[in-house]
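Q: predicted structure and sequence below. I'll ask about it afterward.
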Amino acid sequence: MWGQFWRELAILTAPIAAAIFVCLFGAFPLAPAAFAATVIATLYLRYPAAAPESTTVMALMTNPAASPVVGRPVRLEGTPIGRVNPGFFGGEDVIFQDKSGILPVDFRSMLGFLGDIYTGWRRTPKHLGKPGPSPAGSAAAWAAPSF
């Protein structure tokens, strides 16, 4: 567990460390670029490009090594039963239920807030209440709990 802790701490602090390193050499205008480049470089560590493994909500919730920094690609089979924020037409996050429990599934668009709103408005309603194994009833994602 300590090895995992130090690795994740390094991933979190790498962008700040890169910006400080650039500033120490007097290249202050390049500090934001160093920060951004390091964030991009650590993305593959945060979101690994492995094939998602099938699992259950219970297995995810009882995993003591679950990390909010480094995600784990997983596939859940079940039913999206409703929105996390009921009544908000642009809410893209759903409550996902499988045979072992329920879990909020957070959608993150590469287009930021506008992509999230569009997805909540146009795509999410089509998937609510449709059980798997169809694409609507499965969720392939990175399991990264937020604390």
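A: Perfect, I can see it now. Keep in mind that this is a model prediction, so the values were computed, not measured.
Q: count the residues that sit near Arg83.
A: 20 (other C-beta atoms under 10 Å). Where you see a C-beta, it was placed from the backbone N, CA and C, and this is true even at glycine.
Q: check the spacing between it and Val105 real quick.
A: Using C-beta to C-beta, to the nearest Å, Arg83 is found at 10 Å from Val105.
Q: now list whatever residues contact both of these two.
A: Both Arg83 and Val105 are in contact with 93-95, where contact means C-beta atoms under 8 Å, 6 or more residues apart in numbering.
Q: of these, which is the most crowded?
A: Most crowded among the shared contacts of Arg83 and Val105, counting by other C-beta under 10 Å, is Val94 at 22 neighbours.
Q: that older thread, from the shared contacts of Arg83 and Val105, which single one is nearest Asn63?
A: Using C-beta to C-beta, Ile95 comes nearest to Asn63 of the shared contacts of Arg83 and Val105, at 19.7 Å.
Q: quick one, what contacts that closest one?
A: By C-beta under 8 Å, 6+ apart, the neighbours of Ile95 are 80-84, 102-105.
Q: again, 6 Å this time
A: 81-82, 102, 104 (C-beta atoms under 6 Å, 6 or more residues apart in numbering).
Q: and Gly90, by the same measure?
A: Contacts for Gly90 were tallied using C-beta under 6 Å, 6+ apart; they are 117, 120-121.
Q: run through who's touching the longest helix seen in the chain.
A: Taking DSSP state H as the criterion, the chain has its longest helix at helix 2-24. For helix 2-24, contacts defined as C-beta under 6 Å, 6+ apart pick out 30-31, 34-35, 38-39, 42, 45, 67, 69-70.
Q: and if we set it to 7 Å?
A: Contact with helix 2-24 is made by 30-31, 34-35, 38-39, 42, 45-46, 65, 67, 69-70, as judged by C-beta atoms under 7 Å, 6 or more residues apart in numbering.
Q: next secondary structure after it?
A: Scanning forward in sequence from helix 2-24 by DSSP states H and E, the next helix or strand is helix 31-46.
Q: show me this protein divided up by domain.
A: 2-46, 53-143 (automatic domain parsing).
Q: from Thr13, how far out is the residue of the chain positioned farthest from its centre?
A: Distance to the chain centre peaks in the chain at Gly26, reaching 35.5 Å (criterion: C-alpha atoms, centre = their mean). Applying C-beta to C-beta, the value for Gly26 to Thr13 is 22 Å.
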